[in-house]
Every structure is written in structure tokens, then in C-alpha cells.
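[1] Sequence and predicted structure are below.
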Amino acid sequence: MIMNYDVVIIGAGLAGLSSALAVIKKRLKAIIISKGLGNLYSSSGYVGLLGYYPLNYTCPVLSPKAALKKLITEKPEHPYAMVGQDFIEEALSVFLQTTRDMGLPYSGTLDENILLPTTVGGLLPTTLFPDTSAKEIGKAEEIIVLGIEELIDFCPQYAADNLKKRINVKIFALWESLRINYYREINSYDLALLMEREEIRECFIKRLKPRIRKGSLILIPAVLGITNWCKIISHFENTLGCSVLEIPTLPPSVMGYRLAEALKGYLKQNGVEFLIGSPVTDYTCKKGSISEIFINSINNRQMKIKGKSYVLATGGILGGGLRVYPKEIKESIFGLPVFKNLPVSHKNFFNLNGQPFAYSGIAVNNSLQPINLGKGEVVFNNLYIAGALLSGYDPFVEKNGNGVALVSGYKAGLQAAAGGGAQ
Amino acid sequence: MSTAMDRNLDYCLKCNICSTQCPVSNNKLDFPGPKHLGPELERLRLAWREQEPIEIEASLGYCTNCKRCDIVCPHGVRPSYYNVKNKAIVKDTFSHKFRDWILAHNVWWGKLAGKMPTLANMGLSLPLAKSLFSLLGMAKRDFPQYSKQRFKLSKQKKVKKVLYFPGCYASFNEPEIIQAAIEILEAYHYQVELAPEICCGTPMLSNGLLNESMKLARKNMNCFLRYIDKGFRIITTCPSCGLAFKEEYKDILPGETSSILAQNVWDLFELLIEEEMIPFDLTKNKLDNVYYHVPCHLKAQVIGIPAAAILKNVAVTDLILEDSFCCGLAGTYGFKKEKYDLSLSIGTPLLKDIAEKNPLLVITDCGTCKVQISHKTNLNVYHPVLILRNYLESTAISNSQFSLLHA
């Protein structure tokens, strides 16, 4: 009688969190259940709606709106076609408003992708980004790529050399040290904690100042604070007289962490419950609707959780929503039919046109309900699919993993809130 | 120890989410963090086929065993499992080991002090005792006051039977918790018996006394299993005891016995929810503006926050539920001199949040969380069973009426 919810969301990545946003907008009661914290923590924190379409890595999409329209007509099985233009726009505006309310403001519109540098010096077409990243790299007079000696996994020369191939701006690479001594390896999260400390930051900036020309754009790995990034970034900018742009790092990604924590905090504040730490192991259904799901508590006793509707956002192969076997791919909780595209080209593994297996996933209808592959009838009336679990797209080459998660999560949440199917 | 967990190691892909959620890592940068001390070190050890002794870093002693790393891992790896296992072989100074041994055996001192609590409390507050403790490496902190145990327990036989395991804190320091739990359980028509043993072994386990804790675990398991065979359920009100029975015993003594025990343990509020035993008169006076601090070991049981689910909107109108913070005391951890400052800096966000929300009182299930909160605030801190018992009393529903409401 207590573990009863309007909407039960399985998965705590961007898709799951985004569907919870939709549910609380309808003032309904939601719970997010997840095996662990989602992979959003490892992501860049950027939301790219559509980076490349048609797939041509020399031509990034600059106007996602137009490209989306084209994609929706040309690829009716793509998740964006299932979500639809109107929901995409609504999801974006709800997300932007939410980021303002939760104190990590994002900007961007569907009219424009901006190109943001990656940790290897690539340029990522990005639709939504934190306000502090709203900087146009192509328009800078001079760029300094700053490496921090203590930080593993970031080499400024490498990033600078790659950037030089892409933009026509004077680019320099620079190393600077925090002069701290720890015997263990220091990752970006540790550095971000250190940057929170004013005395450490102050010393670092002081040493940096004579080496940097005023007015340049500094690209620095995203380590400028866990909670006070706004203050820390302006501290850098004001003291150095430069503009500062953070580059998302390899995991632990501080930019992904900030977004994940802020969203989670906002949802908690708005009454969403979280049950993190145990996977969903079983379910029962009645007349084509899921009646309840079970999680295995740490002592192997099953705990029952009931919802009117369910959102499944357990991720793809990496997230654990799909399990890959030698000749098969299975959906890990409900055993839903999986659209399989098995061949992997080993000859050209990093094929820029994508790998066919990436299109594997759950096929859905326009309400994001899972369907049978043959006749297309709905498998469960009150189950909605969101995020990387969806079939029909390749997030790795289209550069739209977070984009699909955000908008499909939002629509799935709305559908689930509306009650759907058997209710 | 469990081999299934050893294999689980391979799922770690070093995403470091665990380190971002580790209360110690966040406050002590030379602490290597759960990813390194857990799966990474274990991989190294296994690569050497366990023949080559790898020196386990002394910093492992700084792990609080809060288990936050376990529940956040997206791939099901449990760093704390390896930490507990390897803590037993950490090298440390003799004086620290002696001090840890004293702290790990809190149940002995509790039994002793419980016999003459007034004298013990007086003795503990003497400057001489304080300087002695300081010499032993204890932090400047007041030990919780000892109290005499006195309970009223009905002898009536009933169909539903529970064996209640209160744990050391409730037994020696706050027996009111035991009485309240008994009254609640009896009101819901359970025949209650008190467990003969008092310590679950967690203090030993987290102080690296692996063999001794295994011995105690075996003794406890045999005792519990006799009750389980007779149809009893095991009930806890201390989250750490609950966690030990539900998970840690399975880790240190894998097998059928520990699995059976694990499946037969309930947190008191978890039981009430599962049995749908929430007969309340919703119109009666309620508490307002109450802060609920969720202890790490309750969160680690992954049963939700059953006490909050019951008290919310029933006994308390405006419950501020907060599960983001670790109090930092971590059982005996915060009583150690070299860890005192760290313990407080881990607890600062919680204490700050409490100060900001300015509640009337604080609820928490864990005795040592209470010690930390009381150490730095002037607020009254209650176990949820006390709130529920008082609420039931205030609604003045007699025991017989309970059943009517439930029916």
C-alpha cells in the first residue's frame, strides 16, 4: 500500500531523469529505481540534438531544426520520428527552464549547434550547453590550451594540434602545475575539489598570469569546481582578463557530474523518490499491462513496487539495458523483442558511417510503447521506452545520445503520466 | 569469503562514480578512494595469484564502510566488500591497533557499564578518564551515556512471532528504543522475544578483526536459525545490525545459513509496511517541521526509507527527508583521534543543512548518527520508533482498537 506510484521509472540516466521531469510537471508521484547511478555522471554534460546528418564527418549539422525535419521524414523508424518535432521542442524548453530553476543554467536553441572542443581537440556539435560554455571558439583571437600537470588523461599539445586542423586561429599549448604533492593519481574530480579551495586557485592563477596574454580564450579541462563553478570560472576570467572555456574530461567527468547531481537534487526536492542500488529482477503482468515489478534487495528478498505506468530507461549495451550474447541481444528486464542488427565490421571498427549493431534496440510506436517486430502490436500497454534502449539510431556517429535520452525520456514520462493503455 | 563477489570485480570499468560519492574521498585528497582500494587493488592481488604479499595501504583504515560506493556503482561492483576483507591485513601501529581493539569490543564495556550506569557515566566524565582516553588515541568526544535496561515484555503466546535484536546502542545507551519497539510490535499482535546476543559484529569488522567477527557471526547465525525454524522473524531497529545480517554475514560466511538468515531479517518499519500494518487515526495532532537524516546503512539496505514512508503525513506533517549526507561518525571511526577532524568535515554538510532548515527535532535510525548530530547541535534527536510510539500513545488507541482498525 505504500510502494504505490503513478509512474515507476527504471533507470537513473538522463532519459530516466528527464521522464521524471515530465511526471512532476503533471503533479504525479514518481519513483526512480536503478541498479546504480546512471552513466550521465560519465558524460560531457552537453546535449547534442543532432551532430551529423546526413553522416558526413566534415559537415557537422549547424541548424539542428532543419536537419531534424529532414531526418524525421527520411527515417521514420528513428527515435526522433517517434517522438515528433513538437515534443522535441517542448522537451527542450522544459529542460532549459529546469536548469535555471536548479541553479545550473543551460542555454542553446534548436536553431543552432555550436562547436565545442573535446578532450582530444575535436569539435562537438552541441545544441544545449551550460551558460559558462557559451563561447564561440572560432571567433577567438588566440587560444591557449591549458594542461594541468597533475591531471591524468589530458594532453594540451595533442588537443591543440587537432584543433589547429579544424579552426583557423592561433593556438598554443601550455602546461601549468598546481604544485601539490599526492602520491596517488589525481583525476578531474579530485582537481575540481582542489579548485574549490581559494588559496590553491589563487596560487595557480598567479603563476599563470605572466604566461597568458590578455584577451585570449583559455581552454582548460573541466575541473573548475564541483559546486561553485560559476564563481571559480569568473575568478579565472576576471584575474586573467581572458575568457575561459571548460573541456569535458574523460570519466569522472565533472560536467556530467554537475548536471546529474543538479537534476537529481531538483527532482528530489519536487517529491520524486529514488531507490538506488538494486536491479529490477522480475515483474508480473495482467491483460497486457505490467502490474508490479520486483527488485532484489541485498538479502535476496523480493520487494514489490507498483505503478500505474512504467518507463524503461535502462540504457543500451553499456548501461546494461541490453545484454549481448554470442548470437543474440536480449532486453534485460522484461525480455522485450529486440530489433537486432548484429554484424560488426572488424575491418573498419571505427567506421565513420557507424556500426550496424548500434541500431539494435527496442522498436516502439509513436507513443514509445514497445512493439512486436512483425505485426507491430504493443507488448505491454503501460510501458514506455526511453533513451539508449531505443532502436533505429546510432548515437556514436549521429552525436545525439543525450539528445535522444532527453526528448524520448520527456515524451515517455508524459505518456506514462497520461496513464496510457489499460488505465 | 565469497567467491561470487570476487568474480564481480571484472565489471569495474573505472568510471569513478564511486569516488565522487565517497564521503572520505571528498574530504581527504590523499585517500585513494573506493575504486582504487577496492577493485583495483584486488585485481593486483589476484594478478599475483595472492602468493606475493601486496602491502595493503594503511589508508584503507580511513574507509568508513558507509557502503555508498556499493549502491551507486552502475555495474554492480561492491568496493566495500574488498575493503572489509583487506582491512584485516592492513599494517598499523601497535597503539592504534590496541585502541581499535578496545573500540571494537564496545559490547564488553557496555555490559560492564550497564550494570552500574551512574558510576560509569561519572567515571567517563572525569578529567582523568578523558586524558587516559586521549593517551589511548581517542578523540575528544563524549561517549554516549549508559543506561540501565528495564523492559516490560508480554509473555502471551501469539501466532506471529518475532525475535527482536536491538543492538548495542539501544541496549546500553538508549533502552527507551527497545521498549518502544516492543510496544509497537506487541500492539500489532506480535509475540516479541529479545535476542540473547547484543553485538552484531560490525564494530569488529570495520576495525579489521575479521576472524573474531566471523566467530561471532557464526554464533549469532546459529542462534537466529533456531528461532527462524520455530517461525520467528528477526527484527532490527539499528540499520548497521540489519545490514550486517542481511549482507555482511553473507560476505564473510557465504553459504546456506547466512542466506537463510539474510532473508529472514526485517527492519521494524520494513515489516510494518510489508504487512500493511498502518492503522492510523489521521486526524490526531501531528509533529511539524521534523528533519529525517537517513543513515548510510539504511540506504545501503535498498529498502527505501520505510520509517519515513510511515511517519510522513501521519505522525509528522512536514517531514524534511534528507538522504544525501553521511554524518561522518561511522560507528567507532569518529571516536579515533586522528579521524576526529575528518569525521567532522564529512558531517559538516549535514550539520549545515540541519542548521539551515532549523527543524523542531531530528529523526534518525542510527545511534551513532545521533551522537554526531547531538555533538554539534542542540537539537533533540529521536529514533523513529520513539516518534511512532508517542504518536500511537497520543492517539490513545488501545491495543484492541488497533486490530479493529487493521481489520
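    Now that the structure is in, tell me what you want to look at.
[2] Quick check: A:T126 touching A:P60?
    No - if you go by CB atoms under 8 Å, A:T126 and A:P60 don't touch, sitting 9.8 Å apart. All C-beta atoms are positioned from the backbone trio N, CA, C, and that covers glycine.
[3] who's in contact with the residue lying closest to A:V338 once chain neighbours are set aside?
    Spatial nearest neighbour of A:V338, excluding adjacent residues (CB to CB, 6 or more residues apart in numbering or on different chains): A:I329 at 4.9 Å. Counting by CB atoms under 8 Å, 6 or more residues apart in numbering or on different chains, A:I329 makes contact with A:317, A:322-323, A:338, A:340, A:342, A:360.
[4] can you tell me the helix or strand for A:I329?
    strand A:328-331 (DSSP states H and E).
[5] Okay, now the sheet partners of the helix or strand following that strand, with direction.
    Next in sequence after strand A:328-331, counting helices and strands by DSSP H and E, comes strand A:338-339. The pairing partners recorded for strand A:338-339 under DSSP bridges are strand A:361-362 (antiparallel).
[6] centre of the chain versus the partner strand, how much separation?
    Counting by CA atoms, centre = their mean, to the nearest Å, strand A:361-362 is centred 18 Å from the centre of its parent chain.
[7] Ok, stretch B:324-334 next?
    For stretch B:324-334, the distance to the chain centre is 10 Å (CA atoms, centre = their mean).
[8] Buried residues, that stretch. List them.
    Of the residues in stretch B:324-334, B:325-334 count as buried by neighbour count, 16 or more other CB atoms under 10 Å in any protein chain shown.
[9] Between all of those residues, which two are separated the most?
    B:F325 and B:T332 (19.7 Å; CB to CB).
[10] Smallest distance to chain A belongs to which residue of chain B?
    Nearest to chain A in chain B, going by CB to the nearest CB, is B:I71, at a distance of 3.2 Å.
[11] does that residue really touch B:Q301, like I thought?
    No - counting by CB under 8 Å, B:I71 does not reach B:Q301; the two are 9.4 Å apart.
[12] So which bits of the one helix or strand A:Y310 maps to are buried?
    Using DSSP H and E, A:Y310 sits in strand A:302-312. Neighbour counts using 16+ other CB under 10 Å place A:303, A:305-312 of strand A:302-312 among the buried residues.
[13] now, which of those residues sits nearest chain B?
    Lowest distance from chain B to the buried residues of strand A:302-312 (CB to the nearest CB) belongs to A:M303, with 6.6 Å.
[14] Beta-bridge partners for the closest one, please?
    Taking DSSP bridges, one obtains A:I295 as the residues bridged to A:M303.
[15] Check it and give its pLDDT.
    pLDDT, A:M303: 90.
[16] Check B:P117 too.
    For B:P117, pLDDT reads 88.
[17] From B:C168, how far off is the closest residue to it other than its chain neighbours?
    If the residues on either side of it in the chain are set aside, B:P117 comes closest to B:Y146, at 4.0 Å by CB to CB, 6+ apart. Applying CB to CB, to the nearest Å, the value for B:Y146 to B:C168 is 11 Å.
[18] Which neighbours do those two have in common?
    Common contact partners of B:Y146 and B:C168 (CB under 8 Å, 6+ apart): B:G110.
[19] Pull the residues that contact the helix or strand harbouring the residue of chain B closest to chain A.
    Element membership of B:I71 [criterion: DSSP H and E] is helix B:68-72. Applying CB under 8 Å, 6+ apart, the contact partners of helix B:68-72 are A:36-37, A:276-277, B:17-19, B:21-23, B:34-35, B:38, B:78-81, B:296, B:299-300, B:302, B:326.
[20] where does chain B dip in pLDDT?
    B:1-7, B:49-56, B:278-285, B:396-407 (pLDDT under 70).
[21] residue boundaries of the strands in it?
    Counting by DSSP state E, one finds strands in chain B at the ranges B:160-165, B:190-194, B:232-236, B:265-267, B:290-293, B:319-322, B:361-363, B:381-382.
[22] ok, residue 360 - contacts?
    Picked chain A for this. A:322, A:329, A:338-342, A:391.
[23] My question was about chain B, not that one.
    Applying CB under 8 Å, 6+ apart to B:L360 gives the contacts B:287-290.
[24] Next secondary structure after the strand holding A:Y310?
    strand A:322-325.
[25] strand partners of that next one, parallel vs antiparallel please.
    Here, using DSSP bridges, strand A:322-325 pairs with strand A:328-331 (antiparallel).
[26] quick one: the partner strand to chain centroid distance?
    Remark: strand A:328-331 is offset 23 Å from the chain centroid, using CA atoms, centre = their mean.
[27] Ok, stretch B:212-231 next?
    How far stretch B:212-231 lies from its chain's middle: 19 Å, per CA atoms, centre = their mean.
[28] From the rest of the structure, what touches that stretch?
    Residues external to stretch B:212-231 that are found in contact with it (CB under 8 Å, 6+ apart): B:104, B:161, B:163, B:193, B:195-197, B:199-202, B:204-205, B:234, B:244-245, B:248-249, B:252-253, B:257-258, B:260-261, B:264.
[29] same thing but at 6 Å, please
    B:161, B:163, B:197, B:201, B:204-205, B:234, B:249, B:252-253, B:257, B:261, B:264 (CB atoms under 6 Å, 6 or more residues apart in numbering or on different chains).
[30] can I get these in JSON lines with distance to A:L250 and neighbour count?
    JSON lines is the format used below for the contacts of stretch B:212-231 (distance: CB to CB, whole Å; neighbours: other CB atoms under 10 Å in any protein chain shown):
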{"residue": "B:K161", "distance to A:L250": "55", "neighbour count": "15"}
{"residue": "B:L163", "distance to A:L250": "51", "neighbour count": "22"}
{"residue": "B:E197", "distance to A:L250": "49", "neighbour count": "15"}
{"residue": "B:G201", "distance to A:L250": "40", "neighbour count": "28"}
{"residue": "B:M204", "distance to A:L250": "40", "neighbour count": "26"}
{"residue": "B:L205", "distance to A:L250": "35", "neighbour count": "28"}
{"residue": "B:I234", "distance to A:L250": "45", "neighbour count": "25"}
{"residue": "B:Y249", "distance to A:L250": "38", "neighbour count": "30"}
{"residue": "B:I252", "distance to A:L250": "36", "neighbour count": "23"}
{"residue": "B:L253", "distance to A:L250": "39", "neighbour count": "17"}
{"residue": "B:T257", "distance to A:L250": "44", "neighbour count": "18"}
{"residue": "B:L261", "distance to A:L250": "43", "neighbour count": "24"}
{"residue": "B:N264", "distance to A:L250": "45", "neighbour count": "20"}
